[in-house]
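Student: build me a model:
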Amino acid sequence: MNESTRPASFREAFYRRERRSIPLVRQFVREALLDWACEADLEGVLLCVSELATNALIHGVPPGRGFRVQLTLADMLRIEVHDSGDGEVLEVACPEPEADGGRGLVLVGALADAWGVRERDPGKTVWCEFAASASKFVESTPCAHHLPQQEVFRMSETNQRYDVVVIGGGAAGLSGALALARARRSVLVIDAGSPRNAPASHAHNYLGREGIPPLELLAIGRAEAADYGAEIIQGSVVSAEKLSDGFRVVREDGSAVEARRLLVTTGIVDELPPVDGLAERWGNEVLHCPYCHGWEVRDRPVGILAVSPMAVHQALLWRQWTDDVVLFRHEQPDFSDEEYEQLAARGISVVDGEVAALEPADDRLTGVRLAGGTVIPREALVVQPRFTARSAVLESLGLVPTELTMGDHTVGTYIAADPGGATDVPGVWVAGNVANLMEQVVGAAAAGLKAASMINMDLVTDDTRRAVDARRAPFSAEAERLVTERVLGDRRHGLQETR
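Tutor: Residues are numbered from 1 along each chain as shown. Modelled structure (predicted):
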């Protein structure tokens, strides 16, 4: 099948920059691949496989973050692109070598020859693997000339004003973007690519996605939002300013876009106490939330590092998951008699003295070393960070972070908002940890959805107001211009263009 006879719908839809989402690529590739594979058209199959792989590598997630895109064509072909840990891998397999007269086997062998890659299990299931950086892979594919490298991560040049710009692409931001895109709003998500839970291996208590790696959850969320037309780009926003009819958002590279409304989901930063080895093991054996990690350390020796008045509460809470809990008083004042009684009743030991460092072995925590040199064996250590809102963009709009305190202790900072996420600046909403320090992933996603529904209703109200104003002013300057163009064309005000 040559260039001129390839399905126009496939080519036109795929090559429109604003519709390069992975689900759409799968849909369009499947349509073309079915025809070309059945015709044993190697050129067409090469194009389809290359389109899928190139799009996944460029528009999926950044290298090294873990992703998997798969397309299966009956028993003939299975095409998969994923991150192997050492680089991106393209695998093309024939699940049933005898199916359809062995046509799939022929195609996979031809693909291996065309790319000059190796086969695995010849005569049974043939795999060809291609591992390289995304840029090198793009250069080697037949469709590379259709995807200029300078356009890969750019937003649509035809749309520099959006209904909503979402700043932050975590669970809250992507959930909001998905809902707004489904509401037929133009949405741009700008994500700095530094999710708070990146160090964690799995996310928990997310119904239907229990135990999913956090970065995989975000990759799925990006694909789902993009499938409905949301645009997603990587970059940091340095400031935002209020305009007469919306906002101007400025990125770190100096580029700017405008939006009618803003949804800010930038999250928080976990500031850890200065103990040697603590930051290096954060998200592994250094933990905070029992509902996120308690099950994984059940029945194991757990330590609690006291850094706030909530230390006793933490120790009593973690006792639910293990009966081997040690509370390190560290630099905190002595506990009350009532607190000591509660700890004793639950079999929780208290260790006095400053904690100096963590003791790892074979890349695992084995103990907690005190300033005096004593090492207390522990396999996990719980610490309460200071939660600081990533609020620079919001502060540029005049919003001031609010401190959350418990007694004389500051737990962290957040941006105050109403239950729907609306802030004191009209047109600006917040969701997720930037507004609620204790929110877990599933709660952040719910908050993003709620804020999105409030934003859409606000835009509906604004759209209705504008429509009513236009209806009440039939002889407005804009209406007169439209009538003049329709009736007189180029002969406005009695003048006609002459050549």
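Student: so Ala447 is in which element?
Tutor: Counting by DSSP states H and E, the element that carries Ala447 is helix 441-472.
Student: so what does that helix touch, helix or strand wise?
Tutor: On a contact count with 3 or more Cβ pairs under 8 Å, 6 or more residues apart in numbering; DSSP states H and E, helix 441-472 meets strand 161-167, helix 171-182, strand 256-264, strand 428-430. To be clear about C-beta, it is placed using only N, CA and C from the backbone, and glycine gets the same treatment.
Student: which other helices and strands does the third one contact?
Tutor: To tie it back to what came earlier, the one meant is strand 256-264. Applying 3+ Cβ pairs under 8 Å, 6+ apart, one finds that strand 256-264 makes contact with strand 161-167, helix 171-182, strand 246-251, strand 428-430, helix 441-472.
Student: before we move on, back to that, the helix holding Ala447 - what's its average pLDDT?
Tutor: Helix 441-472 comes out with an average pLDDT of 94.
Student: and the helices in this protein?
Tutor: For the chain, applying DSSP state H gives helices covering 8-15, 22-38, 42-59, 103-115, 134-140, 171-182, 214-227, 290-293, 311-318, 337-345, 392-396, 441-472, 477-488.
Student: worst mean pLDDT among those?
Tutor: helix 134-140 has the lowest average pLDDT among the helices of the chain, namely a mean of 36.
Student: got a list of contacts for stretch 407-424?
Tutor: Contacts to stretch 407-424, defined as Cβ atoms under 8 Å, 6 or more residues apart in numbering, come from residues 263-264, 268, 308-310, 384, 386-389, 391, 394, 399, 401-405, 428-431, 433-437, 447, 450-451, 453-454.
Student: now stretch 357-374
Tutor: Residues outside stretch 357-374 that contact it (Cβ under 8 Å, 6+ apart) are 275-278, 280-281, 284-286, 303, 305, 328, 351, 353-356, 375-381.
Student: quick one, phi psi at the closest residue to Val187 other than its chain neighbours?
Tutor: Setting aside the residues directly before and after it, Val187 is nearest to Ala230 in space (Cβ to Cβ, 6 or more residues apart in numbering), at 4.3 Å. Here is the backbone geometry of Ala230 (degrees, to the nearest 10): phi -70, psi 140.
Student: tell me the contacts of the nearest residue to Pro273 once chain neighbours are set aside?
Tutor: Spatially, and ignoring its direct neighbours in sequence, Pro273 is nearest to Val307 (5.2 Å; Cβ to Cβ, 6+ apart). Residues near Val307 by Cβ under 8 Å, 6+ apart: Pro273, His330, Glu331, Gln332, Val383, Gln384.
Student: and these as TSV, adding distance to Ala473 and neighbour count?
Tutor: Shown next, in TSV, are the contacts of Val307 (distance: Cβ to Cβ, whole Å; neighbours: other Cβ atoms under 10 Å):
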residue	distance to Ala473	neighbour count
Pro273	63	17
His330	69	22
Glu331	68	12
Gln332	67	16
Val383	62	24
Gln384	59	22
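Student: pLDDT and distance to Ala177 added to these, as TSV?
Tutor: TSV is the format used below for the contacts of Val307 (pLDDT from 0 to 100; distance: Cβ to Cβ, whole Å):
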residue	pLDDT	distance to Ala177
Pro273	94	35
His330	95	42
Glu331	91	43
Gln332	93	42
Val383	96	33
Gln384	94	31
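Student: state the distance from Ala416 to Val302.
Tutor: 34 Å (Cβ to Cβ, to the nearest Å).
Student: neighbour count for the two, which is higher?
Tutor: Val302 (27 against 12; other Cβ atoms under 10 Å).
Student: count the neighbours of the residue lying closest to that one once chain neighbours are set aside for me.
Tutor: Distances taken as Cβ to Cβ, 6+ apart put Ala380 closest to Val302, at 4.8 Å, once the chain neighbours are dropped. When counting by other Cβ under 10 Å, one arrives at 23 neighbours for Ala380.
Student: which residues touch Asn436?
Tutor: For Asn436, the contact set (Cβ under 8 Å, 6+ apart) comprises Tyr414, Gly443, Ala444, Ala447.
Student: and those, which is closest to Arg298?
Tutor: Relative to Arg298, the closest of these is Gly443; by Cβ to Cβ it sits at 23.1 Å.
Student: so what's that closest one up against?
Tutor: Asn436.
Student: do the same with the one 4 residues further on
Tutor: With Cβ under 8 Å, 6+ apart as the criterion, the residues that contact Ala447 are Ala172, Ser175, Gly421, Ala431, Gly432, Ala435, Asn436, Glu439.
Student: relative to Gly420, how far out is the residue nearest to it when sequence neighbours are not counted?
Tutor: In this structure, Ala447 finds its nearest non-sequential neighbour in Ala431, 4.1 Å apart by Cβ to Cβ, 6+ apart. According to Cβ to Cβ, Ala431 and Gly420 sit 9 Å apart.
Student: alright, that wraps it up for me.
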